[in-house]
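**Student:** please work out how this folds:
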Amino acid sequence: MVLVGPPFRLKARVNEPRPIRWRSVVPASMIVLMRFPLNRRHFLTALGMTTLSAPALGLDAKRPGSDWQSFDSACELIGKHVKAGVLKAAMLRVVNGGEVHERAFGVKPDAMFLIASITKPMTVTGAMVLADRLELSLSDPVMKFIPEFDEGDRRLVTIKHLMTHASGLPDQLPENNELRARHAPMEEFVKGAVGTPLLFKPGTRYKYQSMGILLLAEIVQRLSGKSIAEFLKTEVFTPLAMNRTVLGLGDYKLSDVVPSQTESAAPESGSGSADAKNWDWNSQYWRSFGAPWGGAHSTAKDVDSFLRSFLHPRGRVLRRTTARLMTTDHNAGLSTRRGLGFVMGPDGLGKSLSSHSFGHSGSTGTLAWADPVTDRSFVLLTSLPARKSRRLIINPVSDLLSV
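**Tutor:** Just a heads-up that it's a prediction; the model follows:
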């Protein structure tokens with residue numbers, strides 16, 4: 001039975017810190033910024049965003065109307081597709097300041113979805129934990145940590161290139177489907193990524209690349225001595241009280257997570273083919289695999305907690321300036337604005353968001369963003385893959401709620 005109930009309107013305010021004042025932050029900021037090789041623009045941007053409130057930055061601190069008609073309209077749109085049988089499950093959560101609005105469709109509010117590429121900024125956050133500990137730097141060559149990644153232009157690929165999709169690595173390996181079909185372990189994907197030809201000289205172009213995030217995760221594993229799943233659990237998820245978030249399945253069963261409507265899935269997931277049932281998005285293999293580029297399961301509340309840890313950094317996972325650095329554009333001169341692991345808005349997130357907004361989408365039918373100008377965060381998790389839900393549901397809902 002599909003559950004389409006009234007939206008939850010939680011009036012309790014979320015405890016958020018006051019805007020950080022200059023004298024309390026400058027010493028720590030200066031120390032942290034010195035540890036990352038930044039140009040003048042990145043230095044001033046990260047320092048300014050750490051120490052100034054939105055009005056001081058010259059930003060329009062706009063607020064939506066108190067009636068939240070746009071939220072109701074968004075729920076009506078989602079509900080229409082649920083009733084039509086197009087969409088089986090979804091969870092929408094919007095936090096404006098500290099006021100929470102959420103609604104579940106076909107699932108309970110704490111349902112765990114395969115969030116796909118929203119996993120990427122989580123993996124990057126794990127790497128930045130090590131940067132805070134001086135175990136790596138954004139300018140370090142990848143070959144420093146993966147010595148076998150040393151042929152030709154591979155020597156030029158840096159940690160920052162992996163985080164900003166400027167490495168020249170491909171999104172998926174040419175043998176991706178074959179590896180998944182025979183249930184290859186992650187080590188074989190790493191070996192393939194190390195040996196695959198670069199598509200362009202590092203740093204000269206932008207091209208979305210999941211394999212760069214895979215190599216970043218491999219570096220985290222080699223430095224920490226832990227699996228990337230365990231490292232993210234102890235260093236990111238637990239400190240943020242993301243108690244229903246896990247890379248892979250962990251201790252959960254397949255029946256504990258929301259299945260994807262794989263008939264509309266992406267090619268790399270089998271596209272709903274009967275021949276791919278043992279390795280597609282709903283298979284035990286893939287749900288357990290824990291791809292660091294797209295294999296996390298999470299709830300809307302947990303994803304929101306992750307986003308808001310960057311809106312209001314409190315030092316629980318990263319230093320404040322490090323968190324601000326991740327939501328600063330690092331792709332000046334390239335075709336697409338990117339933070340460290342994050343998409344920089346408004347393009348791809350919501351048409352009315354500010355240029356300071358950040359977030360990520362996922363091919364399983366997910367989108368999450370936050371905007372420091374409005375202090376608003378948005379999470380929409382669905383079971384309908386993005387190839388179909390992006391146009392029908394995700395973009396329209398995000399546009400309604402980004403105004």
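
**Student:** and the helices in the stretch 201-350 of the chain?
**Tutor:** In the stretch 201-350 of the chain, the segments counted as helices under DSSP state H, counting those that start in this stretch are 210-224, 228-232, 284-289, 300-311, 320-326.

**Student:** out of the ones you listed, nearest to residue 395?
**Tutor:** Smallest distance to residue 395 across the helices of the stretch 201-350 of the chain (CB to CB): 17.8 Å, for helix 300-311. Bear in mind the C-beta positions are built from the backbone N, C-alpha and C, glycine included.

**Student:** helices or strands up against that closest one?
**Tutor:** If you count contacts as 3 or more CB pairs under 8 Å, 6 or more residues apart in numbering; DSSP states H and E, helix 300-311 packs onto strand 90-96, helix 119-132, helix 320-326, strand 366-371, strand 376-382.

**Student:** now mean pLDDT too, for the ones you listed, in TSV please.
**Tutor:** Compiled in TSV, the helices and strands packed on helix 300-311 are given as follows (pLDDT from 0 to 100):
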stretch	mean pLDDT
strand 90-96	98
helix 119-132	99
helix 320-326	98
strand 366-371	99
strand 376-382	98
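
**Student:** out of those, flag the one nearest residue 102.
**Tutor:** Residue 102 sits nearest to strand 90-96 of all the helices and strands packed on helix 300-311, at 4.2 Å, using CB to CB.

**Student:** next structured bit after the closest one?
**Tutor:** Using DSSP states H and E, the helix or strand that follows strand 90-96 in sequence is strand 99-105.

**Student:** so what secondary structure elements neighbour that next one?
**Tutor:** Judged by 3+ CB pairs under 8 Å, 6+ apart, strand 99-105 is in contact with strand 8-10, helix 69-83, strand 90-96.

**Student:** dump the helices and strands packed on helix 300-311 to a markdown table, plus mean neighbour count.
**Tutor:** Below are the helices and strands packed on helix 300-311 laid out as a markdown table (neighbours: other CB atoms under 10 Å):
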| stretch | mean neighbour count |
| --- | --- |
| strand 90-96 | 25 |
| helix 119-132 | 25 |
| helix 320-326 | 24 |
| strand 366-371 | 28 |
| strand 376-382 | 28 |
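
**Student:** in TSV: those, plus distance to residue 254.
**Tutor:** Below are these laid out as TSV (distance: least, CB to CB, whole Å):
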stretch	distance to residue 254
strand 90-96	19
helix 119-132	18
helix 320-326	32
strand 366-371	19
strand 376-382	17
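
**Student:** and of these, who's closest to residue 309?
**Tutor:** helix 320-326 (7.0 Å).

**Student:** what is the closest one packed up against?
**Tutor:** For helix 320-326, the helices and strands in contact under the criterion 3+ CB pairs under 8 Å, 6+ apart are helix 22-34, helix 40-51, helix 119-132, helix 300-311.

**Student:** hey, C-alpha coordinates of the helix or strand following the longest one in PDB?
**Tutor:** Going back to what we said before, that points to helix 119-132. Next in sequence after helix 119-132, counting helices and strands by DSSP H and E, comes helix 159-164. What follows is helix 159-164, C-alpha atoms only, in PDB (Å, rounded to 0.1, in the frame of the first residue of the first chain):
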ATOM      1  CA  ILE A 159      44.700  14.900  -5.300                       C
ATOM      2  CA  LYS A 160      42.900  18.000  -6.200                       C
ATOM      3  CA  HIS A 161      42.400  16.800  -9.800                       C
ATOM      4  CA  LEU A 162      40.700  13.700  -8.500                       C
ATOM      5  CA  MET A 163      38.300  15.800  -6.300                       C
ATOM      6  CA  THR A 164      37.400  18.200  -9.100                       C
END
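
**Student:** switch the helices of the stretch 201-350 of the chain over to CSV; also include distance to residue 343.
**Tutor:** Below are the helices of the stretch 201-350 of the chain laid out as CSV (distance: least, CB to CB, whole Å):
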stretch, distance to residue 343
helix 210-224, 13
helix 228-232, 20
helix 284-289, 24
helix 300-311, 12
helix 320-326, 12
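
**Student:** of all those, which lies closest to residue 83?
**Tutor:** Evaluated over these, closeness to residue 83 peaks at helix 300-311, with 20.8 Å, by CB to CB.

**Student:** residues of stretch 228-242 that come out buried?
**Tutor:** Within stretch 228-242, the residues that count as buried by 16 or more other CB atoms under 10 Å are 228, 229, 231, 232, 233, 235, 236, 237, 240, 242.
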